[in-house]
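Novice: sequence unknown, structure follows:
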């Protein structure tokens, strides 16, 4: 006999207990949000921090006159008996705010671009197959992000996702195909950075659902120093706050910590770039300019968004302020959904449907005839 | 080839032989397609003709009420945040009606393929499908939402009678005038019929007025108006049975006796060549010694009563066999008569005479346009409808002799069911009365619930044609009159002012 009720009670009990501690921790931190200043702390311990306070207010800009592009890509991957069928599509939705009546919107390369079809016949395991598909998506997306700057003069480009490849995009083993593709992606990223510098376009990545703990790590580092400077933080010693920190992600904490219209301090992408698996690869390819990060809370009932931006020429703080003041109004229309409108539109245009993949697969099979390597996996063609 | 409007798409239920959906791809026009429009699609069997039954717009930005409310919470419409207009799609539902295979119409038994292009139906396709007679037809207007003349075949429209049904002010008389114009404008080569209009309210007399202003056609040389003050029913033309119709309470014995008297009078008339009047009939009865005194008194009572109407005389005026001519209209203006009984007597006489003359082929094929038909052939008791019998007779038998009826009524539910069911074409303008709608739904073939709903929303100048004249219920926009319209009557305010000025 199931006793789900008992299990539920235990789960709820644990959750409530943890949430209480998170709330308490956040509440204590909020009490010093505006006054905590760590400029007097030793520089050595905060070289990766570009500002001295935990949070700053953001003033939304009037979008009129601005041109902002949101870029997103979609991918679908179907494993066949001896091949992978991948389709990708990427779109730039270019919003030009010329009047109060709303944006004029253009699309690049098209309103509904033709999906790109890729057949991989190199044998890959499931994980590598996913990496391969993701690298293909990135490739399509980056190509659009680069080319759109030749076609349109935009003030800012917002990518849906990070401004560098994710660790999960890096091949684990030296499969020559994937390594080669990964190298190509790094080259495309660098090309994108260079293009943005050349066209003087603000380039940012907006991460909708970040799982990062970078900000928490910063806190972990700073708190021992701050506790002795700010009496409000003494209460942290009443419980094992380090244990609480271990259980929190940046978004989890910042949802409680930031108020609407506030951003965190700007910090570098990694505390030790030379040790970061991806940044190190980029550096090896000659890219040394920094990528910085901040979080921005735009609406009351959604977690803050993580914003990564390429820093060049301008002071990074000025750039962060400009970027935050653009992203804030773009992401504050819906009280429970904090994604910039340009990215919502690009996502809708780039999204691929299973039916798209099915049509392409059928056409392919129709064109080449019966090939055992193109047979669908048994799990995908069960007779019943 | 007509304008392409969309592409057939797949849905959970179609495309099937009963229904299919298409996405509107031609958005160059603000209204690319309308409900009720006819479209065509190529299929394996031939050209499929369908009618658009429903049009829906969809937009992913407005699919979630909660999200719309949230985004518009700040007072700004969603259109100022997202390019919502670029996500709007129009999906139309269409009902396959027929397949045209080498010009022959067949029932649809096979669906169109997804991806097939949907085009607005061409004039040729539509004319063939609807059964229009583009060359020689009666042009009542244009097919609604199609720039195609609604020209109905004369025989199909009139041979089996037509009924024009609508609420007051919906344009019945206007449509009847258009029909009359069309009949008068026909050339002898196309075949012309005579028109006789029973004009209860004097609405058609303007057709006979001389028109000098440009832009109008002068019909005065083809239209004659006959006022009732000059109208005389020829007593020698009336049989004892017709007297019985004029006086429904007259008994069979009285009719038999009257017949004997009329026979004597007819013999004398042939001998002397002098027609007899109602006074002569009365005198003959008074002097008749064979007749039972009670029968005599009763018969005289009925005849005195008829004499008082002032409608009867020894000769017919006007001569119906002279005034009914091909390509001409004779308007019998009843507007001066207040008594319904008198009107019914006149209509009964005229209708019977016309039918008899036509049977003897003394007059050309004709159309009798009867305004306020429910007054002359009501569903109610026979004694309250002197003219009902002959109208029902023409409705039943007129087809064989090319004697056609065009009945106009604002209360179809009060119109004789026999007559209405014999009118094989119904032209329906706006009707709102639920009883009338139900009656029309029951008596008109091819009308379903959707069509009935549309009838209540028709504008003035729009009509639905169902029945013999068309292959499929057809909504039309009635064309403009070519004759000059009658001057508008006074409005209520002016009529009230005029009265006060006149009598104070």
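Specialist: All right, it came through fine. Quantities reported herein were computed from a predicted structural model and do not represent experimental measurements.
Novice: OK, contacts around residue A:287?
Specialist: A:189-190, A:193 (CB atoms under 8 Å, 6 or more residues apart in numbering or on different chains). Heads up, the C-betas are built off the backbone N, CA and C, glycines and all.
Novice: which of those has the most neighbours?
Specialist: Among these, residue A:189 has the most neighbours (other CB atoms under 10 Å in any protein chain shown), with 25 neighbours.
Novice: wait, doesn't it sit right on residue A:139?
Specialist: No. The criterion here is CB atoms under 8 Å, and residue A:189 misses it with residue A:139 at 10.4 Å.
Novice: can you narrow the contacts of residue A:287 to ones near chain B?
Specialist: Filtering those for neighbours of chain B using CB under 8 Å from any CB of the partner chain leaves an empty set.
Novice: Closest one of those to residue B:119?
Specialist: For the contacts of residue A:287, the residue nearest residue B:119 by CB to CB is residue A:189; the value is 49.6 Å.
Novice: Quick one: mark the members of the contacts of residue A:287 that sit in helices.
Specialist: Within those, residues falling in helices by DSSP state H are A:189-190, A:193.
Novice: Spell out which residues of the stretch 51-200 of chain A are next to chain B.
Specialist: Going by CB under 8 Å from any CB, the residues of the stretch 51-200 of chain A near chain B are A:93, A:95, A:100-103, A:105, A:111.
Novice: Pick out the most distant pair among those residues.
Specialist: Longest span within those, CB to CB: A:100 and A:111, 24.3 Å.
Novice: taking the mean pLDDT, what do you get for stretch B:90-100?
Specialist: Stretch B:90-100 shows a mean pLDDT of 94.
Novice: And stretch B:263-282, by the same measure?
Specialist: On average, stretch B:263-282 scores 92.
Novice: same check, this time on stretch A:87-94
Specialist: Rounded mean pLDDT across stretch A:87-94 is 96.
Novice: Low-confidence stretches in chain B?
Specialist: B:1, B:381-384, B:446, B:487-490 (pLDDT under 70).
Novice: Show me what from it comes close to chain A.
Specialist: So chain B meets chain A at B:60, B:67, B:70-71, B:73-74, B:76-77, B:79-83, B:86-87 (CB under 8 Å from any CB).
Novice: Throw the contacts of residue A:287 into CSV and include pLDDT, thanks.
Specialist: Output for those, formatted as CSV (pLDDT from 0 to 100):
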residue, pLDDT
A:189, 97
A:190, 96
A:193, 96
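Novice: can you give me the strands in chain A?
Specialist: Under the criterion DSSP state E, chain A contains strands at A:55-57, A:67-79, A:84-96, A:104-108, A:116-120, A:156-160, A:202-207, A:262-264, A:267-268, A:291-297, A:305-310.
Novice: got CSV for those, with mean neighbour count and distance to residue A:244 too?
Specialist: Formatted as CSV, the strands of chain A follow (neighbours: other CB atoms under 10 Å in any protein chain shown; distance: least, CB to CB, whole Å):
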stretch, mean neighbour count, distance to residue A:244
strand A:55-57, 18, 19
strand A:67-79, 23, 35
strand A:84-96, 25, 40
strand A:104-108, 18, 44
strand A:116-120, 16, 45
strand A:156-160, 26, 31
strand A:202-207, 23, 23
strand A:262-264, 25, 18
strand A:267-268, 20, 21
strand A:291-297, 26, 19
strand A:305-310, 25, 21
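Novice: Out of those, the one nearest residue A:373 is which?
Specialist: Nearest to residue A:373, of these and by CB to CB, is strand A:116-120 at 9.7 Å.
Novice: Please point out which parts of the helix or strand hosting residue B:56 sit buried.
Specialist: If you go by DSSP states H and E, residue B:56 is part of strand B:47-59. Within strand B:47-59, the residues scored as buried using 16 or more other CB atoms under 10 Å in any protein chain shown are B:47-52, B:55.
Novice: now swap in stretch B:158-167 and tell me
Specialist: For stretch B:158-167, by 16+ other CB under 10 Å, it's B:158-167.
Novice: For those residues, work out which two are farthest apart.
Specialist: Longest distance between any two of those is 27.7 Å, between B:159 and B:167; criterion CB to CB.
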